[in-house]
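1. generate coordinates for the sequence data below:
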Amino acid sequence: MAGDNVETPLRVVLVDDEALIRAGLALLLDSENDIRVVGEAGDGQGAIDLVNELEPDVVVMDVRMPGMDGVTATRFLTSQEFNASRARRVPILILTTFNEDGAVRNALRAGASGYLLKNSAPRTLAAAIRALADGAGWLDPNVTRQLLADFSNTPEPLAQTADSFHELTNREREVLAAVAHGMNNAQIAENLFLSEATVKTHVHRILMKLGVSDRAQAVVAAYSRGLVKPHGRT
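-> This is a model prediction of the structure:
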């Protein structure tokens, strides 16, 4: 099983207003050697309290909850104010259903690092958590095309990226476009005739210049600014 050699498991907080869903997710995740659920909350305020108390590696967040919803909580947890004295910003994985595209779009704009369908396979949830903890994003391929098309059709650039695209070099724009089309580093390296190490360096510089924390937010920015269009047109 993945993570057999990991000494310190990834610490996860689950946020969902349905106790049975939280219990099921906790049971699934705790069966992974490298993941432990360290806290559960039923609304956004509870999530904020637990992040303050436990400093988890990843938060798995529902979007529609009574009281403070997942979008509002995500916006606060990813804000500069909340993270001013923290070593790192906790990445947030949004759990969604097919009919919640609008809420997911708002959560990504608020700073979420990815989203996943609630009916995904358990191994996919674990893989998404590992990816976020490692600084990558996670965009569920089953709904990504329509979601990103919505970003492209109604451009509302992330505030921190609005004036940053002019700082990207032509090569960095090519790499960002490849990331937005779902390529991993190895595929980008092959497509652009670069080494994987060079691709990693370009991705790091892109994130720094755009002021975003992971690949998912960079993808959102690319579509919002019109650098990448749906169906592969750039």
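2. from now on I want contacts and neighbour counts done on CA atoms only, so please keep to that.
-> OK.
3. mean confidence for stretch 66-86?
-> Averaging the model's pLDDT scores along stretch 66-86 yields 92.
4. CA atoms only: put it into PDB for me.
-> Listed next in PDB are the C-alpha coordinates belonging to stretch 66-86 (Å, rounded to 0.1, in the frame of the first residue of the first chain):
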ATOM      1  CA  PRO A  66     -25.700  25.100   7.700                       C
ATOM      2  CA  GLY A  67     -24.200  28.100   9.400                       C
ATOM      3  CA  MET A  68     -20.800  28.900   7.800                       C
ATOM      4  CA  ASP A  69     -20.600  27.100   4.400                       C
ATOM      5  CA  GLY A  70     -17.500  25.600   2.900                       C
ATOM      6  CA  VAL A  71     -16.900  28.500   0.500                       C
ATOM      7  CA  THR A  72     -16.800  31.100   3.300                       C
ATOM      8  CA  ALA A  73     -14.600  28.800   5.500                       C
ATOM      9  CA  THR A  74     -12.200  28.200   2.600                       C
ATOM     10  CA  ARG A  75     -11.900  32.000   1.900                       C
ATOM     11  CA  PHE A  76     -11.000  32.600   5.500                       C
ATOM     12  CA  LEU A  77      -8.600  29.700   5.900                       C
ATOM     13  CA  THR A  78      -6.700  30.700   2.700                       C
ATOM     14  CA  SER A  79      -6.700  34.400   3.500                       C
ATOM     15  CA  GLN A  80      -3.500  36.300   4.200                       C
ATOM     16  CA  GLU A  81      -4.900  37.400   7.600                       C
ATOM     17  CA  PHE A  82      -5.400  33.900   8.800                       C
ATOM     18  CA  ASN A  83      -2.000  32.700   7.500                       C
ATOM     19  CA  ALA A  84       0.100  35.600   8.400                       C
ATOM     20  CA  SER A  85       1.900  33.800  11.300                       C
ATOM     21  CA  ARG A  86       1.800  30.300   9.800                       C
END
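5. ok, residues contacting it?
-> Contacts with stretch 66-86, where a contact means Cα atoms under 8 Å, 6 or more residues apart in numbering, come from 17, 43-45, 47-48, 61-64, 89-90, 92, 94, 103, 106-107, 110-112.
6. strands of this protein, start to end?
-> If DSSP state E is used as the criterion, the strands of the chain fall at 10-15, 35-41, 58-62, 92-96, 114-117, 138-139.
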